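*Asks:* fold the following for me, if possible:
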Amino acid sequence: MNSSRRTRVCLVNTLYPPFKVGGAERSVELLAQELCRKGMETHVITLHSGAHVEHQEVEGVRVHRLPLKNSYWPFSGASESAFQKLVWHLRDAENSEMRRCFSELIDQISPDVVHTNNLAGFSVSVWRECASRRLPVVHTARDYYLLHPNSKLFNGRGIQNEFSISARLWSYPKKLASTHVRAFVGISKYVVDIHRARGFFENASAEVIHNSVERIVGRSANTQRTGRIGFIGRLDESKGIESILEAMRSMPSRQLLVAGEGRSDYVAQLHRKSPSNVEFLGRRSPDDFFKEIDLLLVPSLWAEPLGRVVLEAYSFGVPVVAAKIGGLKDIVPQNCGRLFEPGAMTSIIDCIEDALVNIESLSQACTQFAHSFTSSKIADSYIKTYKKAIGEDNLKNSNEARIF
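*Replies:* Model (predicted):
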């Protein structure tokens, strides 16, 4: 490699802001920007609904947007038939057209390491392309795309079994391709364990690197407490919102603020079920929302890979009461909040009341804990992983490449 240039990393993710569906896009954006600040030449390859490749530079990050080569754009909110979805996922199992487009971009970028994240739309064919070039790959699992096409392992009725025949059939080609990955990262221990149990990434090292927060705001000691509790996020069945609406009926003196949007029919249903001490705010920025509440509820029914919203709450000094499920168990220690058994009404109510009684000490601990998730610390963890993946023999000694 040419030792006169900076280390060049290429991040791959299905979407990149301003296009986003969940927290993964924000996490990748924060990482890309921080890597750039730390002296790496940072590229992002992502998808868009247009017909041509687009290139732009955003805050020093070089963003390359590829057109999706599949039967439809799945992020428009439109409802597709079961057959259309089946066709889409079959093509996404090994999308040779996306591999060709990816290959052309890699020729232009010539990265030292490729860091893949959410791969829906790209398919794992990008791993095979990297392997054909002997290009080291680091992969971060931010959802369950490799285990099941719906990426959530939740079917509206409950958590799906990743060992079911259906899941095994869909995941088998991806598991074979995962042998080309040199370093595997899960955003929680739960994510690492569930992929390892299915036999993924046999040739890769494995570690946990959590998501990052943009900044630490904290909460002033003289802030007036209102006792308000809140929920923020997408309003859908997997989030467990109905359980906390029911809990609010048993806590008439408490007020719940709900921020977020969802399908109009489901949101209307939630409104009908809500007691008078619940207020729906619609879309609200985290900056504004967390200043209005003392306690955040995360009552998820699906096994959240991590729960980015929890880390955001901590950065504002807001403790969390969350379901004891998935990656949430990793990031809600006793000094920062409480964990309840999913769907257990008595447990939810007891945890809320106990957290509010201890709100001051919990809030201080949350702000301290949030410093573990700064963008700089998370980027440093990834830089160490890139260094291992590239290999000591290939590291550059340029002063400009400060990370190595």
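
*Asks:* so where's the stretch 101-250 of the chain shaky on pLDDT?
*Replies:* 221-222 (pLDDT under 70).

*Asks:* would you list every one of the strands in it?
*Replies:* Secondary structure of the stretch 101-250 of the chain (DSSP state E, counting those that start in this stretch): strands located at 113-116, 137-141, 183-186, 205-208, 229-232.

*Asks:* who wins for proximity to residue 51 among the ones you listed?
*Replies:* Nearest to residue 51, of all the strands of the stretch 101-250 of the chain, is strand 113-116, at 24.1 Å by C-beta to C-beta. All C-beta atoms are positioned from the backbone trio N, CA, C, and that covers glycine.

*Asks:* buried residues, the closest one. List them.
*Replies:* 113, 114, 115, 116 (16 or more other C-beta atoms under 10 Å).

*Asks:* any chance of the residues you listed in JSON lines, plus distance to residue 313?
*Replies:* Listed next are the buried residues of strand 113-116 as JSON lines, based on distance: C-beta to C-beta, whole Å:
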{"residue": "113", "distance to residue 313": "32"}
{"residue": "114", "distance to residue 313": "32"}
{"residue": "115", "distance to residue 313": "27"}
{"residue": "116", "distance to residue 313": "28"}
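
*Asks:* from residue 174, how far off is residue 80?
*Replies:* Residue 80 sits 22 Å away from residue 174, going by C-beta to C-beta, to the nearest Å.

*Asks:* these two - which one has more neighbours?
*Replies:* residue 174 (19 against 14; other C-beta atoms under 10 Å).

*Asks:* distance check, the more buried one against residue 46.
*Replies:* 20 Å.

*Asks:* what do you get for residue 233?
*Replies:* 23 Å.

*Asks:* so which of those two has more stuff around it?
*Replies:* residue 46 (23 against 20).

*Asks:* in a strand, that one, correct?
*Replies:* Yes - according to DSSP: H, G, I helix; E, B strand; the rest coil, residue 46 belongs to a strand.

*Asks:* so it sits against residue 64, correct?
*Replies:* Yes - contact status for residue 46 versus residue 64: in contact at 7.2 Å, counting by C-beta atoms under 8 Å.

*Asks:* within the helices and strands, which one has the nearest residue to residue 125 once chain neighbours are set aside?
*Replies:* In space, and not counting its chain neighbours, residue 125 is closest to residue 99: 3.8 Å by C-beta to C-beta, 6 or more residues apart in numbering. Secondary structure from DSSP states H and E places residue 99 in helix 96-109.

*Asks:* mind giving me the packing neighbours of that helix?
*Replies:* strand 8-12, strand 41-48, strand 61-67, helix 125-132 (3 or more C-beta pairs under 8 Å, 6 or more residues apart in numbering; DSSP states H and E).

*Asks:* tilt between the helix or strand following the first one and strand 41-48?
*Replies:* With elements assigned by DSSP H and E, the helix or strand that comes after strand 8-12 is helix 23-37. Using axes from the mean of the first three to the mean of the last three C-alpha atoms, to 10 degrees, the direction of helix 23-37 lies 160 degrees away from that of strand 41-48.

*Asks:* average pLDDT for helix 23-37?
*Replies:* For helix 23-37, mean pLDDT rounds to 96.

*Asks:* what does stretch 326-335 give?
*Replies:* In the prediction, stretch 326-335 has an average pLDDT of 96.

*Asks:* in that stretch, what counts as buried?
*Replies:* Neighbour-count burial for stretch 326-335 [16+ other C-beta under 10 Å]: 326, 327, 328, 329, 330, 331, 332.

*Asks:* wait, what's in contact with the first one?
*Replies:* Read it as residue 326. 188, 190, 300, 302, 303, 304, 305, 306, 307 (C-beta atoms under 8 Å, 6 or more residues apart in numbering).

*Asks:* for the second one, same thing?
*Replies:* By C-beta under 8 Å, 6+ apart, the contact set of residue 327 is 187, 188, 189, 190, 191, 303, 304, 305, 306, 307.
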